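> here's my sequence, what's the structure:
(one chain, ligands or ions: 2)
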Amino acid sequence: MPPLFPALTAGSARQALHFGDRSLSHAELASAAGTLAAELHGAGRVAVWATPTLETSVGVVAALLAGVPAVPLNPRIGGRELEHILSDSVPSLVLAAPGDELPPALGALNRLDIDVRAPGKPLPLPDEPPAEAPALVVYTSGTTGPPKGAVLPRRAITSTLDALAEAWQWTGDDVLVHALPLFHVHGLILGILGPLRRGGTVHHLGRFDTDAVARELAAHGTMFFGVPTMYHRIAEALPGDPALAKALSGARLLVSGSAALPVHDHERIAAATGRRVVERYGMTETLMNTSVRADGEPRPGTVGVPLDGVELRLVEESGEEITAYDGESVGEIQVRGPNLFTAYLNRPDATAAAFDGTWFRTGDMATRDPDGYVRIVGRKATDLIKSGGYKIGAGEIENALLDHPAVREAAVTGEPDADLGERIIAWIVPADPHRPPTVEELAAHVAQQLAPHKRPREVRLLDALPRNDMGKIMKRALHG
Ligand code: ATP
Ligand code: MG
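Ligands and ions are numbered 1, 2, ... in the order given. Presented below is the predicted three-dimensional model:
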């Protein structure tokens, strides 16, 4: 198997990782991670206390070099969820940055501190593990239920990163500005392993803030990866922040993923910067499935076309495949390809239920434009509303609501209704809490933009929408 990180193997002197004023070149990373890899040899699964630090990056790279599956842990989850992940993944030890305080749930585990200083004499890197060897166990975001551990082989990581490189013209000359957490696919696999595989550079900001994004992009960044809540904050800040507009205008590629980017935010950013955010769609279980290409036409509200090697089909509830590319027929997205995970850890039942033969059922519903662009209408479980004989996606109604000046945030759900089957509910965070929009106003606004049967029947006001640490709206918390 060719090396996962050719620039590490080659000992490249280019800068690889920056976290604040601490940094490592590819050669220094090879040396620090190689030394730790020698200690990890044969360790079984290892947990990594995944703070946004140089240490986490070195720990994960060391585990990958050693062929020891790494389980990144969200340092912000507490009690029950952490205990669930630990009892499910049974790591043999936990890797942490020196000085990090670990919660009591981790107390029983052996701790190994990650040393990021390159030792004097670099060790030869271990032989590359096989393509199908489990490389990472990443837990899903827990948006629809308790998180499940997805076992990701090296093959899935290399194929997804190489397909993205092709679609985004991503090279070792790129410098990524990064502000995402390191325990999910987006921040860890795309944001850290991506630049390392390309032999390029990443600057991690520690935490997201629009000033830091502007500063780093202006200084040296070519790419920025964010989640929609970050782009929302960028869209809000742009009118009063010419430096941010200038920095974004100069970037080569702005990418959004992990949840749907509201069309309203996409348009506001395009108007202020002349740049269109590229949207991609992926999951923990499948890594990346589709993306708008760097040389393609960005189309707000779509997630682009299947990536190299990824096969994608839309399947109706009846099991019938949708062959039409009509922008209208809604089906479940099913995918197959080298980007897929192997299984859910300890969950043969859930693994079996997730597949239709070799096709993985994503649980996401979509339509396809005539040229193949995929439009996600929402999740089958929470975003597909059956009302008055129609199947309605929550996403387009949310986009229409967000376009109303009195609306700051919006989520749409269905509730049982004697007449309609389900009734459309709009959960609204008003722009001005003293002047919230009325149901009549919002219903008229939606009926004008979409179709009358898509109008909300009820408006429920909130101070904020329930979101997880990736900014995803937790719809299951809305009714509960
Ligand atoms: P869980 O599976 O535990 O309920 P989750 O599905 O949110 O949580 P992830 O694997 O992190 O966990 O997220 C994958 C999901 O995120 C996809 O199935 C899809 O619903 C959503 N998603 C990702 N990118 C996009 C996008 N660009 N547009 C719309 N939805 C997206
Ligand atoms: Mg999921």
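> just give me the neighbour total for Gly395.
Here the count is done by other CB atoms under 10 Å, and Gly395 has 22 residues near it. Using the backbone N, CA and C atoms, a C-beta is placed for each residue, glycine as well.
> I figured it hits Asp383, correct?
Yes: counting by CB atoms under 8 Å, Gly395 does reach Asp383; the two are 6.4 Å apart.
> give me the common contacts of the two.
Where contact means CB atoms under 8 Å, 6 or more residues apart in numbering, the residues bridging Gly395 and Asp383 through contact with each are Val377.
> check what pLDDT Gly389 gets.
Confidence at Gly389, expressed as pLDDT, is 89.
> that should have said Lys121, apologies.
Lys121 carries a pLDDT value of 69.
> gap between the closest residue to Ile114 other than its chain neighbours and Leu93?
Nearest non-adjacent residue to Ile114, counting by CB to CB, 6 or more residues apart in numbering: Glu55, 4.1 Å away. Here the criterion is CB to CB, to the nearest Å. By it, Glu55 lies 15 Å from Leu93.
> the two: who's more crowded?
In terms of neighbours (other CB under 10 Å), Glu55 is the more surrounded of Glu55 and Leu93; the figures are 25 against 17.
> strands of the stretch 301-450 of the chain, residue ranges please.
In the stretch 301-450 of the chain, strands defined by DSSP state E, counting those that start in this stretch lie at 305-306, 311-315, 331-336, 343-344, 355-356, 359-368, 374-379, 384-387, 390-393, 407-417, 421-430, listed in chain order.
> adding mean neighbour count and distance to Arg268, write these out as CSV.
Formatted as CSV, those follow (neighbours: other CB atoms under 10 Å; distance: least, CB to CB, whole Å):
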stretch, mean neighbour count, distance to Arg268
strand 305-306, 21, 25
strand 311-315, 18, 30
strand 331-336, 22, 28
strand 343-344, 21, 39
strand 355-356, 14, 39
strand 359-368, 22, 24
strand 374-379, 22, 20
strand 384-387, 19, 27
strand 390-393, 18, 22
strand 407-417, 20, 13
strand 421-430, 20, 17
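> mind putting the ones you listed in a markdown table, distance to Ala219 included?
Output for these, formatted as a markdown table (distance: least, CB to CB, whole Å):
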| stretch | distance to Ala219 |
| --- | --- |
| strand 305-306 | 33 |
| strand 311-315 | 38 |
| strand 331-336 | 38 |
| strand 343-344 | 42 |
| strand 355-356 | 46 |
| strand 359-368 | 37 |
| strand 374-379 | 34 |
| strand 384-387 | 44 |
| strand 390-393 | 41 |
| strand 407-417 | 32 |
| strand 421-430 | 34 |
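> now distance to ligand 1 too, for those strands, in a markdown table please.
Formatted as a markdown table, the strands of the stretch 301-450 of the chain follow (distance: least, CB to the nearest ligand atom, whole Å):
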| stretch | distance to ligand 1 |
| --- | --- |
| strand 305-306 | 13 |
| strand 311-315 | 13 |
| strand 331-336 | 8 |
| strand 343-344 | 10 |
| strand 355-356 | 15 |
| strand 359-368 | 5 |
| strand 374-379 | 4 |
| strand 384-387 | 12 |
| strand 390-393 | 11 |
| strand 407-417 | 13 |
| strand 421-430 | 18 |
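> so which bits of stretch 473-480 are buried?
Buried positions in stretch 473-480, judged by neighbour count with 16 or more other CB atoms under 10 Å: 473-475, 478.
> quick one: the residue nearest to Ile114 from Leu112, how far?
Here the criterion is CB to CB. By it, Glu55 lies 11 Å from Leu112.
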